[in-house]
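Visitor: Here is my input, please return the structure:
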Amino acid sequence: MEQIKLEDDKYCFACGKKNECGLRLSFKYSDGKLTSEFTPSKIYQGYKDITHGGIITTVLDEAMIQVAIAEGIFPVTAEITIRFKKPLLSGEKAVVEAEITKRKLRLIEAQAHLIRLSDGSLIAEAYSKLIPVK
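Guide: The predicted structure follows:
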């Protein structure tokens, strides 16, 4: 793999504070777990009033990357599996939770869940394999 340099210029679609079109997610990390609240607006819908699955995937992917970064690992996603359980409506508050489940020299495994705040129901879950970049 070609050596790449990972830089943050604050325009990441998921977490970049300068990206006017982005999600602008903020994360909290404590005791090996990372969380972020997320309330999708209508501009992120697929079908009427239902948040697009690609947006949900982005939130889950970013949470798994960010939990690794919080633990001092700077990775890229090699593989991601998403299971959608229920729709997330525009304007509904949700929380994403992520954690590392396995740590090897060249591969990190992580999982994340997106949970509806109003009733605690599972919207989607994800599992990923992350490759640390040196």
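Visitor: Please enumerate the helices of this structure.
Guide: Here the chain has its helices, by DSSP state H, at 53-70.
Visitor: in it, which ranges drop under the pLDDT threshold?
Guide: In the prediction, the chain carries residues with pLDDT under 70 at positions 1-2.
Visitor: now the strands for it?
Guide: 28-30, 33-38, 75-84, 94-103, 108-116, 122-132 (DSSP state E).
Visitor: how close does the residue lying closest to residue 121 once chain neighbours are set aside get to residue 42?
Guide: Closest residue to residue 121 in three dimensions, ignoring its sequence neighbours and counting by Cβ to Cβ, 6 or more residues apart in numbering: residue 86, at 5.8 Å. C-beta: built from backbone N, CA, C; applies to glycine. The span separating residue 86 from residue 42 equals 18 Å under the rule Cβ to Cβ, to the nearest Å.
Visitor: How about residue 11?
Guide: 23 Å.
Visitor: With residue 111 instead?
Guide: Taking Cβ to Cβ as the measure, residue 111 falls 29 Å from residue 42.
Visitor: Over to residue 104?
Guide: Counting by Cβ to Cβ, the separation of residue 104 from residue 42 is 41 Å.
Visitor: for residue 32, same thing?
Guide: Plainly put, residue 32 is 35 Å away from residue 42 if you go by Cβ to Cβ.
Visitor: before we move on, what about residue 5?
Guide: If you measure residue 5 against residue 42 using Cβ to Cβ, the figure is 37 Å.
Visitor: If anything else comes up later, I'll come back, but that's it for now.
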